[in-house]
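In: would you be able to build a 3D model of this:
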Amino acid sequence: MRLQRWIIWFAAAAWLHSAPPPVRAEGHDTAPPEVAWARSVSEGQKALAQRHFLEGLELHRQLLFAEAAEAYERACYEWEHPKFFLYRSHALVRGGEYMEAFRALQRAKSELVGALSAAELQIVRALEAELMQKLAAITVTCDESGAAVKLNNQEWFECPESGRRIVDPGYYQVSVHKQGYVPVMEEVTLSAGSLATLAADMVTEAEAEDEARRWSRELPWIATGAGLLVSAAGAGLYAYTGWRARTWNEDIAALCTEDLPCSSSLGLGHRLGRARWQRTLSGGLLAAGGSALLASTLMHYLNQPALSAAADADDPRFDVQPLIDVHAAGLSLTSKF
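Out: Numbering: from 1, shown residues only. So this is what the prediction gives:
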């Protein structure tokens with residue numbers, strides 16, 4: 001292991017020692033005018049940037065990575081040459097500053113025309129592969145126009161776009177909000193080299209309530225209406241039979257007199273039986289209507305929407321996968337460093 005470490009160290013030192021100073025040594029003084037890093041840079045700024053770069057290169061050879069990164073940063077401040085960002089990224093990686101190294105590498109990749117040699121482009125790919133093993137990534141897709149996506153309560157982007165961000169390993173919270181829609185809030189803990197993907201499918205608050213109910217919104221109200229109707233019918237029939245009972249004596253007095261005694265032909269027995277049956281029916285209707293009203297009240301209670309964070313936690317929507325092929329990245333790095 002120690003022998004392998006020395007071999008890697010000598011390979012890196014040989015690469016740094018053989019790497020010529022940028023720009024002049026490689027004949028890039030006259031870059032195409034459309035290249036962003038070649039615009040509005042005076043010769044004095046170029047010379048000062050080269051001095052800072054050479055200072056960083058010497059510190060880099062001495063394995064003083066933090067100091068070398070600072071020197072490269074001063075060179076980048078004077079002249080935003082992609083090569084300076086590349087060397088700074090390499091120093092930051094060796095110093096364990098992976099997120100800053102990634103940002104510097106992205107700057108190196110942004111304007112490559114006439115800036116980096118073929119060997120340096122391979123180094124860019126190798127550094128990027130190594131960083132993808134040290135960092136993590138979050139990707140969020142959302143189709144709902146106007147929805148705002150936040151990462152750890154910080155504004156990220158607005159749908160209907162998709163966002164991808166390279167982040168340090170750790171805990172993250174993604175939230176998607178839009179007026180009238182149920183917020184999407186998901187949490188994930190990322191390890192190094194992992195990619196978390198979230199498809200934020202939003203639903204309206206009304207749709208979410210309907211999905212969270214035991215029955216349709218109308219069913220408890222139908223039960224309430226039926227209970228009221230049956231109760232009203234029973235109460236009406238009960239009142240009618242009560243009125244008939246109060247007038248029974250008057251009917252008997254009118255039909256049965258001393259001159260005309262009661263007889264079976266008057267149908268009094270039948271009328272009495274019907275009155276009793278109606279009274280019994282009214283009681284049954286009142287009982288059935290009351291039971292229906294009680295059941296509908298219980299249905300209203302049980303049919304409330306049950307949206308809870310616990311339910312969402314049981315069904316996480318983040319899909320976590322490896323960010324890159326680790327074996328392929330290792331071969332690439334081994335061949336370069």
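In: nearest spatial neighbour of A136, skipping sequence neighbours?
Out: Excluding the flanking residues, the one nearest A136 by CB to CB, 6 or more residues apart in numbering is L190, at 3.8 Å. Backbone N, C-alpha and C define where each C-beta goes, glycine included.
In: list the beta-bridge partners for the one you found.
Out: G170 (DSSP bridges).
In: that one reaches A196, doesn't it?
Out: Yes: counting by CB atoms under 8 Å, L190 touches A196, with 5.8 Å between them.
In: hey, what's in contact with both of the two?
Out: Taking CB atoms under 8 Å, 6 or more residues apart in numbering as the criterion, L190 and A196 both touch 136, 138, 172, 320.
In: dump these to TSV, plus distance to G225 and pLDDT.
Out: As requested, these are exported to TSV (distance: CB to CB, whole Å; pLDDT from 0 to 100):
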residue	distance to G225	pLDDT
A136	57	93
I138	51	92
Y172	50	94
V320	51	78
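In: ok, the residue nearest to A136 - contacts?
Out: 136, 138, 167, 169-172, 196, 320.
In: try 10 Å
Out: Under the criterion of CB atoms under 10 Å, 6 or more residues apart in numbering, the contact list for L190 reads 135-138, 167-172, 196, 318, 320, 323.
In: cool, and Q173?
Out: If you count contacts by CB under 10 Å, 6+ apart, Q173 has them with 150-153, 185-188.
In: can you tell me which of those residues are buried?
Out: Buried by 16 or more other CB atoms under 10 Å: 151, 186, 188, out of the contacts of Q173.
In: and the nearest residue to the second one once chain neighbours are set aside, what element?
Out: Here the nearest residue to E186 in space, its sequence neighbours aside, is V174; by CB to CB, 6+ apart that works out to 5.2 Å. With secondary structure defined by DSSP states H and E, V174 is part of strand 170-177.
In: mind listing what's buried in that strand?
Out: In strand 170-177, counting by 16+ other CB under 10 Å, buried: 172, 174-176.
In: for stretch 156-174, same thing?
Out: Neighbour-count burial for stretch 156-174, counted by 16+ other CB under 10 Å, picks out 156-157, 159, 163, 166-167, 172, 174.
In: poorly predicted segments of the stretch 101-250 of the chain, please.
Out: 111-115, 207-215, 245-250 (pLDDT under 70).
In: so which residues of it form strands?
Out: For the stretch 101-250 of the chain, strands defined by DSSP state E, counting those that start in this stretch occupy the ranges 136-142, 148-151, 154-158, 162-167, 170-177, 184-190, 194-200.
In: show residues contacting the shortest one.
Out: Residues external to strand 148-151 that are found in contact with it (CB under 10 Å, 6+ apart): 138, 140-142, 155-159, 161-163, 165, 167, 172-178, 184-185, 198, 200.
In: 7 Å - rerun?
Out: 138, 140, 142, 155-159, 163, 165, 172, 174-177 (CB atoms under 7 Å, 6 or more residues apart in numbering).
In: hey, C-alpha coordinates of it in CSV?
Out: Once non-C-alpha atoms are left out, strand 148-151 reads as follows in CSV (Å, rounded to 0.1, in the frame of the first residue of the first chain):
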residue,chain,number,x,y,z
ALA,A,148,-42.3,26.6,-6.6
VAL,A,149,-39.6,24.1,-5.6
LYS,A,150,-37.4,24.6,-2.6
LEU,A,151,-34.4,22.8,-1.3
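In: pairing partners for it, with directions?
Out: Here, using DSSP bridges, strand 148-151 pairs with strand 154-158 (antiparallel), strand 170-177 (antiparallel).
In: okay if I get those as a markdown table plus distance to G290?
Out: Shown next, in a markdown table, are these (distance: least, CB to CB, whole Å):
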| stretch | distance to G290 |
| --- | --- |
| strand 154-158 | 55 |
| strand 170-177 | 46 |
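In: out of those strands, nearest to A129?
Out: Of all these, it is strand 170-177 that lies closest to A129, at 21.3 Å by CB to CB.
In: so how far is T197 from L228?
Out: To T197, L228 is 53 Å away according to CB to CB, to the nearest Å.
In: hmm, I was thinking of E144
Out: 17 Å.
In: then C142?
Out: Distance check for C142 against T197: by CB to CB, it reads 12 Å.
In: please say which of these two ends up with more neighbours.
Out: Between C142 and T197, C142 has the larger neighbour count (other CB atoms under 10 Å), namely 23 against 17.
In: rewinding a little: could you dump the strands of the stretch 101-250 of the chain to TSV with distance to R217?
Out: What follows is the strands of the stretch 101-250 of the chain, written out as TSV (distance: least, CB to CB, whole Å):
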stretch	distance to R217
strand 136-142	28
strand 148-151	29
strand 154-158	32
strand 162-167	35
strand 170-177	25
strand 184-190	24
strand 194-200	26
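In: which neighbouring elements make contact with whichever strand or helix holds A288?
Out: Element membership of A288, judged by DSSP H and E, is helix 268-302. In this structure, helix 268-302 packs against helix 219-246, with contacts taken as 3 or more CB pairs under 7 Å, 6 or more residues apart in numbering; DSSP states H and E.
In: domain ranges for this protein?
Out: As recorded under automatic domain parsing, the domains making up the chain are 2-134, 136-206+313-322, 214-302.
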